[in-house]
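1. Got a predicted structure plus its sequence, pasted below:
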Amino acid sequence: MNASLKKWLGEKQGEICVSHLIKHRFDAHFVQNVRQATELIVKMAAAYETFGFGGSATLDQIGIKDILRDMGKTLYDHNQEDLPMETRLEYRKKQGDCDCFMASANALSLTGEIVNIDGIGNRVNAMTFGPSKVIVVAGVNKIAPDVDAAIRRIKEIAAPMRAKSLNADTPCALTGRCTDCNSPMRICSVTSIMHRKPMLTDMSVIVVNEDLGF
Ligand code: SF4
């Protein structure tokens, strides 16, 4: 697709999505690029000391963990290399009680819902209740027309790519197609649809006019 047309379409869809998220009481923002997203995240994060993260290619692409480390913040990042299993588990538990939890979304609907599917559930757990602040960052590639299309997007695109990136022992990681498997490594066991901002959670959503994550 022509780059300037893609940017134009991303802006139109991003702005509609953000307007519906705001109606749904999320603190939602549309930004044009990763640089603007990073500036906004750093401003939001400055007041907090402990940070948790959902597994997220988007956050890795943005490089926000290194920025927070350089700011002297404490990070509970279970995806760090060479962590013992018990530390990974401990960090997942701490994510539910950290000051600020960051994640992407598997999909956003144009109609203003946030849709995620987890294998373990620590991400959707921390996103909905516990941390003082939750920041969700998503590229416009995550926007689907409605909730049904958002779930379809996850099953057809996000989950197979995530499973492949994790070398998960699942059918989709081999074939690229979801078979609604019963694998013990199934990464799609818990579906979360945030129809409105969770009542007791201060949640910001940053929609970036770039393709981020999958
Ligand atoms: S094959 Fe299994 S792990 Fe892969 S997308 Fe389908 S349900 Fe999820």
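-> Looks like it arrived, so ask away.

2. Settle this for me: Leu75 is touching Ile64, isn't it.
-> No: at 10.0 Å, Leu75 does not count as touching Ile64 under the criterion of C-beta atoms under 8 Å. For glycine as for every other residue, the C-beta is placed from the backbone atoms N, C-alpha and C.

3. And these two? Which one has more around it.
-> For Leu75 versus Ile64, neighbours defined as other C-beta atoms under 10 Å are more numerous around Ile64 (24 against 17).

4. Which residues are in contact with the more buried one?
-> Neighbouring residues of Ile64 by C-beta atoms under 8 Å, 6 or more residues apart in numbering: Thr38, Ile41, Met102, Val137.

5. Export these as JSON lines, with columns for neighbour count, pLDDT and secondary structure.
-> Formatted as JSON lines, the contacts of Ile64 follow (neighbours: other C-beta atoms under 10 Å; pLDDT from 0 to 100; DSSP: H, G, I helix; E, B strand; the rest coil):
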{"residue": "Thr38", "neighbour count": "18", "pLDDT": "98", "secondary structure": "helix"}
{"residue": "Ile41", "neighbour count": "22", "pLDDT": "98", "secondary structure": "helix"}
{"residue": "Met102", "neighbour count": "30", "pLDDT": "98", "secondary structure": "strand"}
{"residue": "Val137", "neighbour count": "29", "pLDDT": "98", "secondary structure": "strand"}
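
6. Among the residues you listed, which one sits closest to the ligand?
-> Nearest to the ligand among the contacts of Ile64 is Val137, at 22.6 Å by C-beta to the nearest ligand atom.

7. What residues does that closest one make contact with?
-> Residues in contact with Val137 (C-beta under 8 Å, 6+ apart) are 37, 41, 56, 58-59, 62, 64, 102-104, 205-206, 208, 212.

8. now the residues you listed: which count as buried?
-> Buried subset of the contacts of Val137 (neighbour count, 16 or more other C-beta atoms under 10 Å): 37, 41, 56, 58-59, 62, 64, 102-104, 205-206, 208, 212.

9. Right, I'll leave it there.
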